[in-house]
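*Asks:* Generate a structure from the sequence data that follows.
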Amino acid sequence: MNLFRLSWLYFRVGALNELQYRVNFFVQLVQSLVALGVGLAGLALVFSHTTDLAGWSQAELLAVMGVHILMGGLIRMLIQPNMQRLLEDVQEGSLDFALTKPEDSQLIVSVREIRIWQAVDVVTGLTVLGVALALLQGSLGLWQSFGFALALLCGGLMIYCFWLMITTVAFWVVRMDEIINLFEGVYAAGRYPVGIYPEWLRIGLTFLVPVAFAVTVPAEALTNRLTWQTLLGAVGLALALLLITRWFWRFGLRHYSGASA
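*Replies:* Residues are numbered from 1 along each chain as shown. The predicted model follows:
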């Protein structure tokens, strides 16, 4: 499939570029450890005053934190770099180079950038998840494993759709440089289950920016809270967003005037 062929090609090119600056690995490692330390300190502070948070135990919230770090690493490794480059291409009029290639334009703009050192966050998130599961002292059954993997995939696809739709708006509104900071601020709320927030914020974190599906729902699968109705809803919403995003991307391209305008 073109998706895997192109992804592997761009991965190799991106890895070679990143390996030229290996000091970035140590910078990313320090950043990840500091962020982990701050997160653990916050968790310890919360549970120094209570034994549970909206029904979630400390070990269960540690699992939520692990998913949050894991998904954040995947976003900053695979999704965010491509959307940043797309914004720059639209602003500079250089998107023409991607559009004239003999491959699907959406596929190209979605896989051509990768930040391999962000894999540090992925490994950190998996480590935190492993510790959380050990503290929960529960066996990870087939349903939990399948539900977690499928929910994580659906959550990642929703975040991708959100990013691409927002970035596509740059065809009309070019100055959208603050979108990255805005997303980072909203995504930070995902380190806790969305159920602890007021209703208006829960709705926003579920349907406007799908942080709930990206973090809370996969964590629910690991803590035996996930229902099949929620999982089917996540699959249906992910598929619907993929179709809407595809339509919106093509609609946006029809309004892109290119570098010659």
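*Asks:* Excluding chain neighbours, what is closest to the residue nearest the centre of the chain?
*Replies:* By C-alpha atoms, centre = their mean, the chain has its centre lying nearest to Ile75, at 3.7 Å. Leaving aside its sequence neighbours, Ile75 sits nearest to Ile159 (C-beta to C-beta, 6 or more residues apart in numbering; 5.9 Å). For glycine as for every other residue, the C-beta is placed from the backbone atoms N, C-alpha and C.
*Asks:* contacting residues around the one you found?
*Replies:* Ile159 sits next to Met71, Ile75, Ile79, Pro210, Ala214 when contact means C-beta atoms under 8 Å, 6 or more residues apart in numbering.
*Asks:* Excluding chain neighbours, what is closest to the last one?
*Replies:* Just to be clear, that refers to Ala214. Closest to Ala214 by C-beta to C-beta, 6+ apart is Gly155, at 3.4 Å.
*Asks:* same thing with the fourth one?
*Replies:* Nearest non-adjacent residue to Pro210, counting by C-beta to C-beta, 6+ apart: Met158, 3.9 Å away.
*Asks:* OK, contacts around the one you found?
*Replies:* The contact partners of Met158, taken as C-beta under 8 Å, 6+ apart, are Pro210, Phe213, Ala214, Ala234, Leu237, Ala238, Leu241.
*Asks:* What average pLDDT does stretch 51-66 get?
*Replies:* Averaged over stretch 51-66, pLDDT sits at 90.
*Asks:* thinking again about what came up before, would TSV of the contacts of Met158 with neighbour count and secondary structure be doable?
*Replies:* What follows is these, written out as TSV (neighbours: other C-beta atoms under 10 Å; DSSP: H, G, I helix; E, B strand; the rest coil):
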residue	neighbour count	secondary structure
Pro210	24	coil
Phe213	28	helix
Ala214	28	helix
Ala234	26	helix
Leu237	18	helix
Ala238	21	helix
Leu241	22	helix
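*Asks:* Out of those, which comes closest to Phe248?
*Replies:* Nearest to Phe248 among the contacts of Met158 is Leu241, at 10.0 Å by C-beta to C-beta.
*Asks:* The closest one is in contact with Gly156, isn't it?
*Replies:* No. With contact defined as C-beta atoms under 8 Å, Leu241 and Gly156 do not form a contacting pair (11.5 Å).
*Asks:* Give the burial count for Pro198, as a bare number.
*Replies:* 8 (other C-beta atoms under 10 Å).
*Asks:* Could you pull up phi and psi at it?
*Replies:* Phi and psi for Pro198, reported as degrees, to the nearest 10, are phi -60, psi 160.
*Asks:* Low-confidence stretches in the stretch 151-261 of the chain?
*Replies:* For the stretch 151-261 of the chain, applying pLDDT under 70 flags the ranges 174, 258-261.
*Asks:* try it again with 50
*Replies:* 260-261 (pLDDT under 50).
*Asks:* now the helices for it?
*Replies:* 179-187, 199-203, 211, 217-222, 228-253 (DSSP state H, counting those that start in this stretch).
*Asks:* Could you dump those into TSV with distance to Gly93 added?
*Replies:* Listed next are the helices of the stretch 151-261 of the chain as TSV, based on distance: least, C-beta to C-beta, whole Å:
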stretch	distance to Gly93
helix 179-187	19
helix 199-203	38
helix 211	33
helix 217-222	39
helix 228-253	14
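*Asks:* Any idea which of these gets closest to Val67?
*Replies:* Among those, helix 217-222 comes nearest to Val67, with 4.8 Å by C-beta to C-beta.
*Asks:* That closest one - contacts with which helices or strands?
*Replies:* helix 58-74, helix 119-136, helix 142-168, helix 228-253 (3 or more C-beta pairs under 8 Å, 6 or more residues apart in numbering; DSSP states H and E).
*Asks:* Please consider this matter closed, and thank you.
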